[in-house]
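Undergrad: Starting from these lines, generate the structure:
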Amino acid sequence: MFSKIVYCKSLKCGSYLVHGSQSGSLSIQSQSQREHHWKMSHNVDVEKCLEVASNLVSEAGRLIARNNEQRQDFVCKSNDIDLVTQTDKDVEQLLMDGIRRHFPEHKFIGEEESSGEEGVKKLTDDPTWIIDPVDGTMNFVHAFPHSCISVGLKVNKVTELGLVYNPILEQRFTARRGHGAFYNGRRIHVSGQKELGKALVTSEFGTTRDEAKMKVVHENFEKMARKAHGLRVLGSAALNMSMVALGAADANYEFGIHAWDVCAGDLIVREAGGVVIDPAGGEFDIMSRRVLAAATPELAQEISKVLTQFHPLPRDD
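TA: Predicted coordinates for the structure are as follows:
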């Protein structure tokens, strides 16, 4: 039986800003902006990129599924819970090496690569793959079947494609900008829910336990428990966002995530007809480590007015 060793990533502690709820406005991309982005990215064969990524994700998924056959022992220092397994490293290397063979000029922002001393690489206009090799590592080490590979491609800082794949339950979400979102090949759409009182909401505790953050997490859980139809914590940001796209959940919010957690999910939600904004109600910033995805603008804005805000530092950029 395959045995996996789990290591703890060293946590780089930062400072945090916390304040109460506030509202904002949605940022809607104009047709001219979309056409400009399309023209700027015309030299990248997005269809070929999607084909290559899909094949590599399938190969990596077989590795994850094979290594998820049992709970495994893990090594960890103190109370750290930000885990990395050898499978995380192997999957990220498989994906990056495979993409480089086809697109040697492309750049990468990967979770495990970014956990080193150099930190997160700066996002530029170059074609950049943003990868989380195993989103939901805590689930993975316990053989809880709710983890996934998340891969997004940005060109000129615009997300062109996204893939989220849970190989254990064979759940594959894909999206290409302007072409819709799909679940196992079937076109999907958000629920259309507009009222928080009728909404199923997902969120997470996150991978840090600092006092300031946990105070806000508990406060927001209490608010959602009182105001939402239901609240779920399943352990994977990318799959939580995919559930919104599928219409199985109506909204997802989280403070403290990273770009690789949400890059693919952001596009999948939007291509399914949903909205992705900053939890305070403004425009989504992928480097801010804050996200709110919802089935409708009305639901997103209602949730933004309820949430106690939290600003993780440092940002991803």
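
Undergrad: Name the helix or strand for A212, please.
TA: Assigned by DSSP states H and E, A212 belongs to helix 211-227.

Undergrad: before we move on, what about V164?
TA: Assigned by DSSP H and E, V164 belongs to strand 158-166.

Undergrad: Tell me which helix or strand comes right after that strand.
TA: Later in the chain than strand 158-166, the nearest helix or strand by DSSP H and E is strand 171-176.

Undergrad: What average pLDDT does the helix holding A212 get?
TA: Helix 211-227 comes out with an average pLDDT of 97.

Undergrad: for the stretch 101-250 of the chain, what spans make up the helices?
TA: Taking DSSP state H, counting those that start in this stretch as the test, the helices found in the stretch 101-250 of the chain are 111-114, 137-141, 211-227, 237-246.

Undergrad: most tightly surrounded among those?
TA: Most buried of the helices of the stretch 101-250 of the chain, by mean neighbour count (mean count of other C-beta atoms under 10 Å): helix 237-246, with a mean of 29. Using the backbone N, CA and C atoms, a C-beta is placed for each residue, glycine as well.

Undergrad: Switch the helices of the stretch 101-250 of the chain over to JSON lines; also include distance to E271.
TA: As requested, the helices of the stretch 101-250 of the chain are exported to JSON lines (distance: least, C-beta to C-beta, whole Å):
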{"stretch": "helix 111-114", "distance to E271": "23"}
{"stretch": "helix 137-141", "distance to E271": "26"}
{"stretch": "helix 211-227", "distance to E271": "26"}
{"stretch": "helix 237-246", "distance to E271": "8"}
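
Undergrad: For A294, give me its contacts.
TA: 244, 250-252, 274-275, 277, 300, 303 (C-beta atoms under 8 Å, 6 or more residues apart in numbering).

Undergrad: And the pLDDT at S304?
TA: If you check S304, the pLDDT there is 98.

Undergrad: Restricted to helices, list the contacts of A294.
TA: Among the contacts of A294, the members falling in helices (DSSP state H) are 244, 300, 303.

Undergrad: what pLDDT does the residue nearest to the second one when sequence neighbours are not counted get?
TA: The spatially closest residue to A300, leaving aside those adjacent along the chain, is A294, at 3.8 Å (C-beta to C-beta, 6 or more residues apart in numbering). As summarised for this prediction, A294 has a pLDDT of 99.

Undergrad: Tell me what A294 is bridged to.
TA: Following DSSP bridges, A294 is listed with bridge partners A251, V275.

Undergrad: Wait, A65 touches L169, no?
TA: No. Using C-beta atoms under 8 Å, A65 is not in contact with L169, being 9.5 Å away.

Undergrad: list the residues that contact both of these two?
TA: Contacts common to A65 and L169, judged by C-beta under 8 Å, 6+ apart, are absent.

Undergrad: What residues sit buried inside stretch 276-283?
TA: By 16 or more other C-beta atoms under 10 Å, the buried positions in stretch 276-283 come out as 276-282.

Undergrad: Kindly indicate which of those residues lies nearest T128.
TA: Using C-beta to C-beta, V276 comes nearest to T128 of the buried residues of stretch 276-283, at 18.4 Å.

Undergrad: residue contacts, the closest one?
TA: Shown in contact with V276 (C-beta under 8 Å, 6+ apart): 241, 262, 266, 269-270, 284, 291-293.

Undergrad: Now render the residues you listed as TSV, adding distance to V84 and secondary structure.
TA: Output for these, formatted as TSV (distance: C-beta to C-beta, whole Å; DSSP: H, G, I helix; E, B strand; the rest coil):
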residue	distance to V84	secondary structure
M241	22	helix
V262	19	helix
D266	23	helix
V269	27	helix
R270	29	helix
F284	27	coil
V291	22	strand
L292	27	strand
A293	26	strand
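
Undergrad: Pull out the buried residues from the residues you listed.
TA: The neighbour-count test (16+ other C-beta under 10 Å) marks 241, 262, 266, 269-270, 284, 291-293 as buried among the contacts of V276.

Undergrad: possible to save these as JSON lines with distance to V46?
TA: Converted to JSON lines, the buried ones among the contacts of V276 look like this (distance: C-beta to C-beta, whole Å):
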{"residue": "M241", "distance to V46": "21"}
{"residue": "V262", "distance to V46": "20"}
{"residue": "D266", "distance to V46": "16"}
{"residue": "V269", "distance to V46": "19"}
{"residue": "R270", "distance to V46": "16"}
{"residue": "F284", "distance to V46": "21"}
{"residue": "V291", "distance to V46": "24"}
{"residue": "L292", "distance to V46": "27"}
{"residue": "A293", "distance to V46": "23"}
